[in-house]
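Colleague: Here is my input, please return the structure:
(one chain, ligands or ions: 2)
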Amino acid sequence: MRALVFDKKLEVKDVENPVRQKGEALIKVSIAGICNTDHEIIKGYVPGFSGILGHEFLGVVEESDDKDLVGKRVAGEINLACGACEFCRKGLGRHCSNRSVLGIINKNGAFAEYLTLPEPNVFAIPDSIPDTHAIFVEPLAAALEIIEQVNIAPEHKVLLIGDGKLALLIAFVLKTTGCGLTVLGKHREKLDFARDYGMATVLFDDFTPALHDIVIEASGNRSGFMTALDSVKPRGTIVLKSTYAEPFAFNPFQIVVNELTVVGSRCGRFEDAIRFLQSHRLPIDRLISAEFGLDEAEKAFALSARPDTLKVLLKI
Ligand SMILES: [Zn+2]
Ligand SMILES: [Zn+2]
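Modeller: Numbers count the residues shown, from 1 in each chain. Ligands and ions are numbered 1, 2, ... in the order given. The predicted model follows:
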């Protein structure tokens, strides 16, 4: 099969088809999305990863021991848990100490014609959700994780830092809480997208720091993190939603003196994301900037790396 393989560099080439093990589903990938994590892997955020990249996808199950799954349009939970460790026994498979992660840690990913996943990781997409929305299930689950971890209510003043594709998904999710939301970003066109949807937006250059109950840092860079520290009330909460490719130095005194709560936030539950897509008619397909064929992956990555681009899809 054709696949986009990362081994110090990106290359589309012919590789062996994956072999389905017992309890796994063999999935024919139809669309896959390029995520910032893919760019960070290429930059070295996951040292030593080599293999097929890609963890946001939509596909159709071709073979499975669970006959109900065969022929279904599906998305897939990316964390493959061992089921036996301390965290798995508590139902925290996403934190399994022995986990592999689709297209990120030790498991070939979705930028390929086929992939395999354990059946419990495979989620059928209801017919009412179109492909162009279903492709966002994985990042939307990550966005929904925030309201799973932190109580966000109409009385809260919330600052969302970042205007990238994950940040905009987070904005949609926050809007449903009724909180007083401001989206802070560097790109006017991306902010316009949030503004068109009735959200208050501010360009970084025009921002005068004001104090918020909750600040969500989803910009992925140091300046976003420093702005978060300066923009949160004493006893407030900062949610860190970015994985940072580069380490950086900061003085944690504000966290101590202002008695801040800092919450790290990563992946969320697919069931929640699917339910959210069913119950909220959001124009999230507007987050799609472009689609390319797998053989044009290099062009797709180059476009996706540009700061004015939102989601770039690979049609497999
Ligand atoms: Zn991702
Ligand atoms: Zn485990």
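Colleague: could you say what helices and strands the strand or helix carrying residue 3 packs with?
Modeller: In the assignment (DSSP states H and E), residue 3 maps to strand 2-6. Strand 2-6 sits against strand 10-14, strand 51-52, with contacts defined as 3 or more C-beta pairs under 8 Å, 6 or more residues apart in numbering; DSSP states H and E. Just so you know, the C-beta spots here come from the backbone N, C-alpha and C atoms, and that holds for glycine as well.
Colleague: Centre of the chain to whichever helix or strand comes after the last one, how far?
Modeller: Right, the one you point to is strand 51-52. Next in sequence after strand 51-52, counting helices and strands by DSSP H and E, comes strand 56-64. Relative to its chain's centre, strand 56-64 lies at 19 Å (C-alpha atoms, centre = their mean, to the nearest Å).
Colleague: Okay, now the sheet partners of strand 56-64, with direction.
Modeller: Neighbouring strands of strand 56-64 in its sheet, by DSSP bridges, are strand 24-34 (antiparallel), strand 73-76 (antiparallel).
Colleague: Quick check: buried residues in the worst-scoring helix or strand of the chain on mean pLDDT?
Modeller: Within the chain, no helix or strand scores below helix 36-43, which has a mean of 88 by mean pLDDT, DSSP states H and E. For helix 36-43, burial by neighbour count (16 or more other C-beta atoms under 10 Å) applies to 36, 37, 38, 39, 40, 41, 42.
Colleague: Run through the residues that contact the second one.
Modeller: By C-beta atoms under 8 Å, 6 or more residues apart in numbering, the residues touching residue 37 are 45, 55, 104, 243.
Colleague: How about the fifth one?
Modeller: Listed by C-beta under 8 Å, 6+ apart, the contact partners of residue 40 are 46, 243, 245.
Colleague: next one: the last one
Modeller: By C-beta under 8 Å, 6+ apart, the residues touching residue 42 are 6, 10, 53, 301.
Colleague: With the fourth one instead?
Modeller: Contacts for residue 39 (C-beta under 8 Å, 6+ apart) come out as 245, 301, 304, 305.
Colleague: quick one: it from ligand 1, how far?
Modeller: Distance, residue 39 to ligand 1, using C-beta to the ion, to the nearest Å: 10 Å.
Colleague: distance between the ends of stretch 13-29?
Modeller: Using C-alpha to C-alpha, to the nearest Å, the end-to-end distance of stretch 13-29 comes to 16 Å.
Colleague: Buried ones in that stretch, by neighbour count?
Modeller: Neighbour-count burial for stretch 13-29 flags 15, 18, 20, 24, 25, 26, 27, 29 (criterion: 16+ other C-beta under 10 Å).
Colleague: Quick one: low-confidence residue ranges for the stretch 51-200 of the chain.
Modeller: Applying pLDDT under 70 to the stretch 51-200 of the chain flags no residue at all.
Colleague: Give me every residue in it lying close to ligand 2.
Modeller: Applying C-beta under 5 Å from the ion, we find that the stretch 51-200 of the chain lies next to ligand 2 at 81, 82, 85, 88, 96.
Colleague: domain parsing for this protein?
Modeller: For the chain, the structural domains run 2-124+283-315, 143-264, going by automatic domain parsing.
Colleague: What distance separates the opening and closing residues of the longest one?
Modeller: Taking C-alpha to C-alpha, domain 2-124+283-315 runs 12 Å from one end to the other.
Colleague: who's in contact with stretch 245-258?
Modeller: With contact meaning C-beta under 8 Å, 6+ apart, stretch 245-258 is reached by 39-40, 43-45, 220, 222, 225-226, 229-230, 232-236, 260, 262.
Colleague: got it, and stretch 76-84?
Modeller: By C-beta under 8 Å, 6+ apart, the residues outside stretch 76-84 that reach it are 27, 55, 57, 59, 87-88, 93-94, 96-104, 107, 110, 115, 117-118, 120-123, 138, 267, 270.
Colleague: what does stretch 297-305 give?
Modeller: Residues outside stretch 297-305 that contact it (C-beta under 8 Å, 6+ apart) are 4, 10, 12, 34, 38-39, 42, 111, 289-290, 292, 309, 312-314.
Colleague: With that, I have no additional questions.
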